[in-house]
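Engineer: sequence plus the predicted model coming up.
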Amino acid sequence: MERWIITWLRGHEGFAPRSKTGSGYRWERDDHWATKVRIALSPSGGGGLQGMRTVTHRRTDIGDAHQLVELDIDAALISTVAKGIAGGAIGLGTVGGIAAALGTGDAATFLAAFLPTVAVGLSAAIITAKSWAGTLRRGLDRALDAITSPELHAIRRRTGVLGDISKAIETLFR
């Protein structure tokens, strides 16, 4: 099982092991250009975990024939980005409202510029966070499926010129 975890995270997700943990590894995204090209040409084209800087996997034996595999990601970046979008929208709405109200000094003019800007910005923050979280959830599901059923994912190898290029890069930079 450990071999399948390493194969998937390294070969399909583009991560490199950073440190050993108690029952697995802490992985960091490999930003080397050769890894990016290899992942782009791979059958998976990079999974949903690519947006994360680190992934931690743990494997625990449960009885004689079963193992528990856990993938842990730090999704704090999603919250940070969403808060940044929301903060930017509030700032932009405030500046726009002040600029609109300068000539009149009217609170209604300020609110007419402020509220729509903030509403659009907050909506964008929520949509971004939900979309990104969904992508990560699908990426985790896909990775766990691939780790537990490697025979299903080994079939999807690229053939032809792209397959040859992908194999050459894989061999060259391993």
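Structural biologist: The structure has been received and is ready for your questions. This is a predicted model, so every value here is computed, not measured.

Engineer: helix/strand/coil for the closest residue to residue 101 other than its chain neighbours?
Structural biologist: Spatial nearest neighbour of residue 101, excluding adjacent residues (CB to CB, 6 or more residues apart in numbering): residue 110 at 4.0 Å. Using the backbone N, CA and C atoms, a C-beta is placed for each residue, glycine as well. Secondary structure, DSSP: H, G, I helix; E, B strand; the rest coil: residue 110 is helix.

Engineer: lowest-scoring secondary structure element of this structure by mean pLDDT?
Structural biologist: Counting by mean pLDDT, DSSP states H and E, the chain has its least confident helix or strand at helix 150-154, which shows a mean of 63.

Engineer: for residue 88, what is the enclosing helix or strand?
Structural biologist: helix 76-101 (DSSP states H and E).

Engineer: show me what counts as buried in that helix.
Structural biologist: Going by neighbour count (16 or more other CB atoms under 10 Å), the buried part of helix 76-101 is 78, 82, 85, 86, 89, 92, 93, 96, 97, 100, 101.

Engineer: any idea how far the fourth one is from residue 139?
Structural biologist: I take that to be residue 86. 24 Å (CB to CB, to the nearest Å).

Engineer: residues contacting residue 117?
Structural biologist: Residues in contact with residue 117 (CB atoms under 8 Å, 6 or more residues apart in numbering) are 89, 92, 93, 96, 97.

Engineer: change it to 7 Å
Structural biologist: Residue 117 makes contacts with 89, 92, 93, 96, as judged by CB atoms under 7 Å, 6 or more residues apart in numbering.

Engineer: which residue lies farthest from the center of this protein?
Structural biologist: residue 104 (46.6 Å; CA atoms, centre = their mean).

Engineer: this completes my enquiry, with thanks.
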